[in-house]
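K.L.:
this one's structure only:
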């Protein structure tokens, strides 16, 4: 009897082992290493020798006191918030539009996926060509309308706006696809019943579509949030976080500290990375809490 | 019931076995490690930042023949230059370094500081033939940590047609005032003035340094009046429309693309663009970057150093030094530097290069006047000065601060970082 149970337990562990090993090797260990990096005073010398002294929270104090910290945090919040609002609103509008299944809707929907399929290096480079101050097509078009050229990428006032616009464009397809498939799960009879009761158009959207889409919306927003918080490539390719710090977010700042200089500062770089993880974690917990309350 | 359980148990057992095998495979020595007791003969690792060359190229053939001359087989890996610093640091951490490492010159002091490179004196490398201004970038605390394989630097390319249309004689441009006046004439003639790269990375500092040093400023005092005059020069060019606003975001490649449109009179760019210049489709010339009060400004040196990383097995140094001596010996330097489009690091080979191609004279002069960024005994203090410097350039050019304020802030940052 007991031997059977033990064998069963063993089998269970055998099946569990791959997942556990995978999680440990690819999630737990890198996280631990990143935490360890952020708690030690690394120089290139101690990095090579592996004898960096433990320095407690010094790296965190350094980054909190850094003049780049305030702007980077603010830009991260603005970048994420504005991107999410527009991505979600535009994605939702398009999803409702395409749900009406007219001719060519499948083709058009497929076309909307293009930004998502392009490699980020391609889309970011294309955006920076289009927004170039002197030879970009955006300023050329503005010129036709009699508007003075705008230094999209090179003025501190516009650089953050430019990278947000590019990021919204890239994120809309994701929102469109998820919300569209969410819409398909709402039974058509509900709309028919509502139409009989006199609800149609905007009020049908507000009273039926939106509430029934809430679970899908929540997960879309959460995934978008986690994804947007750590956006790095678009900003780095378009502006390098500049001019000065005007489009620096925590993600680009972390990269700049660790790799953007001839002399890497691994400790502070890891500390900024950990802050990002904590921010994403808090948002995930809020999501779980909301979900539990709904259930 | 019983059968399925047995099947399950067997599956679990099989999985465990597979996992054990995979894990032990991972933990065994990586095949690239050089320190596996090869003894005499054996395989020597070389890392270089020239991924554009494959095994059929003259460069890799030279590496192979140098290895054969030293009686060993060479295994060469080409990395992207921005990757190589981190790769080299990680390899040093794991005692897995290549036997010969070819790396961008300002990285030498970082790697030497990390204790990842063996000093030339310890490995028997001969650096006596090299020009001192080039060698200085690889010296830390008076000890050399590598041999320059070739050098490049910055100068001003000009478009002959644009200058002729604006009635500017490039030979008369010998100081800042003359250059600014020429830019004014070009703009009046309806063309664009000058393009350069002022991006917020090391590239931006690299391009600003000829003007910074040409004003007489020193990297140890970023807010000196001379430094402010250099940054004011650039800022004024932008304000007057002599240089495009896009320079703030230009890499040296995008800056070159602007010049290649044929609309610009001048471009600040490097030796490595010579091949592209020939393809540009218009006639071009080259003048050195002028200093403020006339003469040639010292431009920063680019180009790589050949170095020997620290090995736990010190017996390997002798053979590695032979390979390095072969790569940087006079007989091979000419071919190598022609392949890489570099100016040779020794006076003798420079003369041969000019004899072969007289157009290189301006570059040889520029390299002679050039300075290493990590020289003047700055070493690893240079990166901590360079970042505030490029930030100040960005702040002034984008109009968020005046040149004076921007450099004062930069000096404060640099001083606290290098304390």
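P.N.:
Nice, thanks for sending it over. Keep in mind that this is a model prediction, so the values were computed, not measured.
K.L.:
From here on, just use CA atoms for contacts and neighbour counts.
P.N.:
Fine.
K.L.:
Which parts of chain B are strands?
P.N.:
In chain B, the strands defined using DSSP state E lie at B:43-48, B:73-78, B:100-104, B:139-140, B:143-144, B:147-148, B:154-159, B:192-195, B:264-270, B:284-287, B:304-307.
K.L.:
which one of those lies closest to residue B:128?
P.N.:
Among the strands of chain B, the nearest to residue B:128 by C-alpha to C-alpha is strand B:147-148 (9.6 Å).
K.L.:
So which elements touch the closest one?
P.N.:
Helices and strands touching strand B:147-148, by 3 or more C-alpha pairs under 8 Å, 6 or more residues apart in numbering or on different chains; DSSP states H and E, are helix B:132-135, strand B:304-307.
K.L.:
before we move on, the earlier item: TSV for the strands of chain B, including distance to residue A:137, mean pLDDT and mean neighbour count?
P.N.:
Formatted as TSV, the strands of chain B follow (distance: least, C-alpha to C-alpha, whole Å; pLDDT from 0 to 100; neighbours: other C-alpha atoms under 10 Å in any protein chain shown):
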stretch	distance to residue A:137	mean pLDDT	mean neighbour count
strand B:43-48	39	92	21
strand B:73-78	38	92	19
strand B:100-104	37	92	25
strand B:139-140	48	86	24
strand B:143-144	51	88	18
strand B:147-148	44	92	29
strand B:154-159	25	94	24
strand B:192-195	19	94	27
strand B:264-270	19	94	25
strand B:284-287	28	92	18
strand B:304-307	39	92	28
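K.L.:
Would you mind giving those strands as JSON lines with distance to residue A:206 added?
P.N.:
Converted to JSON lines, the strands of chain B look like this (distance: least, C-alpha to C-alpha, whole Å):
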{"stretch": "strand B:43-48", "distance to residue A:206": "62"}
{"stretch": "strand B:73-78", "distance to residue A:206": "59"}
{"stretch": "strand B:100-104", "distance to residue A:206": "61"}
{"stretch": "strand B:139-140", "distance to residue A:206": "70"}
{"stretch": "strand B:143-144", "distance to residue A:206": "73"}
{"stretch": "strand B:147-148", "distance to residue A:206": "70"}
{"stretch": "strand B:154-159", "distance to residue A:206": "63"}
{"stretch": "strand B:192-195", "distance to residue A:206": "55"}
{"stretch": "strand B:264-270", "distance to residue A:206": "57"}
{"stretch": "strand B:284-287", "distance to residue A:206": "66"}
{"stretch": "strand B:304-307", "distance to residue A:206": "65"}
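K.L.:
ok, residue B:129 - how many residues close by?
P.N.:
15 (other C-alpha atoms under 10 Å in any protein chain shown).
K.L.:
so what's the backbone phi/psi at it?
P.N.:
Main-chain dihedrals, residue B:129, degrees, to the nearest 10: phi -80, psi -10.
K.L.:
Next, find the distance separating it from residue B:59.
P.N.:
Between residue B:129 and residue B:59 the distance is 22 Å, computed by C-alpha to C-alpha, to the nearest Å.
K.L.:
and what of residue B:331?
P.N.:
In terms of C-alpha to C-alpha, residue B:331 sits 14 Å off from residue B:59.
K.L.:
Neighbour count for those two, which is higher?
P.N.:
Per other C-alpha under 10 Å, whichever of residue B:331 and residue B:59 has more neighbours is residue B:59, with 18 against 11.
K.L.:
pretty sure that one contacts residue B:52?
P.N.:
No. Look at residue B:59 against residue B:52 with C-alpha atoms under 8 Å: they stay out of range, at 10.2 Å.
K.L.:
Tell me the residues on the stretch 51-200 of chain B that lie near chain A, please.
P.N.:
Neighbours of chain A within the stretch 51-200 of chain B, by C-alpha under 8 Å from any C-alpha of the partner chain: B:89-90, B:92-94, B:106-107, B:110-111, B:113-116, B:199-200.
K.L.:
Roughly how far does residue A:157 sit from residue A:252?
P.N.:
Using C-alpha to C-alpha, residue A:157 is found at 18 Å from residue A:252.
K.L.:
ok, now residue A:136?
P.N.:
Remark: distance between residue A:136 and residue A:252 (C-alpha to C-alpha) = 25 Å.
K.L.:
Those two: who's more crowded?
P.N.:
Under the criterion of other C-alpha under 10 Å, the comparison of residue A:136 against residue A:252 puts residue A:252 first, with 26 against 17.
K.L.:
does that one count as helix, strand or coil?
P.N.:
The three-state label for residue A:252, taken from DSSP: H, G, I helix; E, B strand; the rest coil, comes out as helix.
K.L.:
residues contacting it?
P.N.:
For residue A:252, the contacting residues are A:232, A:235-236, A:240-241, by C-alpha atoms under 8 Å, 6 or more residues apart in numbering or on different chains.
K.L.:
Check residue A:35 too.
P.N.:
A:270-271, A:274.
K.L.:
and which of these is nearest to residue B:365?
P.N.:
For the contacts of residue A:35, the residue nearest residue B:365 by C-alpha to C-alpha is residue A:270; the value is 44.2 Å.
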